[in-house]
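In: only geometry, no sequence info:
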């Protein structure tokens, strides 16, 4: 487990064996949203990285990243098997990103998870990210700066209609860098993404950013 607390907010990187509390949170959100993931929330354990958003010693949200490779089919392939992703170790799937109800709608809590995920991808040589996104959230995330591209038709996934979407890891950095030219908040996001290994996380709690629906399982607001 790894994480540095700053102003009561931090992101810890977990293995599947360490993520039981976070998985419990994901299952609560799934019931609340009427998703139908079956056993998939706890699948992919050996091929996953989990990011837990901490406020003090409380888990208030998290992100589940599934890593590609020869031994695992990315979650998106269960609905879009025609995507040519089999065996690729340089791709990953944002299987789930969710927050507790009291923490939703705040970019100050959304971006720390994204920053730590991006850093993980960069260190592991992952060049492309995939996610299952509803049409409404596709518009939202593009406005935020995620350079998502639709890679297949709209289909039902976890009881929601979603598109399979992808974005290049370098493209995310480029998009944030462009926004950072005129935005102090995006400049801080960029600085945190490129901080050194020795530098601490610095994620202020102040909700100075506009509200946003947070990407959750298959891109639904939660």
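Out: It's in. What you are looking at is a predicted structure, and each value in this text was computed from that prediction instead of being measured.

In: contacts, neighbours, all on C-alpha from now
Out: OK.

In: burial measure for residue 118, as a count.
Out: For residue 118, the neighbour count with other C-alpha atoms under 10 Å is 21.

In: now residue 171
Out: By other C-alpha under 10 Å, 16 other residues sit near residue 171.

In: and it, helix, strand or coil?
Out: Assigned with DSSP: H, G, I helix; E, B strand; the rest coil, residue 171 falls in the helix class.

In: give me the number of neighbouring residues for the closest residue to it other than its chain neighbours.
Out: Leaving aside its sequence neighbours, residue 171 sits nearest to residue 147 (C-alpha to C-alpha, 6 or more residues apart in numbering; 6.6 Å). Here the count is done by other C-alpha under 10 Å, and residue 147 has 20 residues near it.

In: show me what contacts residue 147?
Out: 167, 168, 171, 172, 175 (C-alpha atoms under 8 Å, 6 or more residues apart in numbering).

In: try 7 Å this time
Out: By C-alpha atoms under 7 Å, 6 or more residues apart in numbering, the residues touching residue 147 are 167, 171, 172.

In: can you count the residues close to the first one?
Out: Other residues within reach of residue 167, judged by other C-alpha under 10 Å, total 18.

In: does the residue nearest to residue 177 when sequence neighbours are not counted belong to a helix, a strand or coil?
Out: In space, not counting the residues next to it along the chain, residue 177 is nearest to residue 190; the distance is 6.6 Å by C-alpha to C-alpha, 6+ apart. Following three-state DSSP, residue 190 is assigned to helix.

In: check the gap between residue 190 and residue 180 for me.
Out: 7 Å (C-alpha to C-alpha, to the nearest Å).

In: now do the shared contacts for the two.
Out: Shared contacts of residue 190 and residue 180, counting by C-alpha under 7 Å, 6+ apart, come down to nothing at all.

In: strands along this protein, start to end?
Out: Ranges of strands in the chain, per DSSP state E, are 9-14, 48-55, 58-67, 91-99, 128-133, 149-150, 155-157, 160-168.

In: same list, these, but as TSV with distance to residue 121 and mean pLDDT please.
Out: Listed next are the strands of the chain as TSV, based on distance: least, C-alpha to C-alpha, whole Å; pLDDT from 0 to 100:
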stretch	distance to residue 121	mean pLDDT
strand 9-14	12	91
strand 48-55	10	93
strand 58-67	9	93
strand 91-99	8	93
strand 128-133	9	97
strand 149-150	18	98
strand 155-157	25	95
strand 160-168	10	97
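
In: kindly reformat those as JSON lines containing distance to residue 25.
Out: Listed next are the strands of the chain as JSON lines, based on distance: least, C-alpha to C-alpha, whole Å:
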{"stretch": "strand 9-14", "distance to residue 25": "14"}
{"stretch": "strand 48-55", "distance to residue 25": "10"}
{"stretch": "strand 58-67", "distance to residue 25": "7"}
{"stretch": "strand 91-99", "distance to residue 25": "8"}
{"stretch": "strand 128-133", "distance to residue 25": "20"}
{"stretch": "strand 149-150", "distance to residue 25": "29"}
{"stretch": "strand 155-157", "distance to residue 25": "20"}
{"stretch": "strand 160-168", "distance to residue 25": "20"}
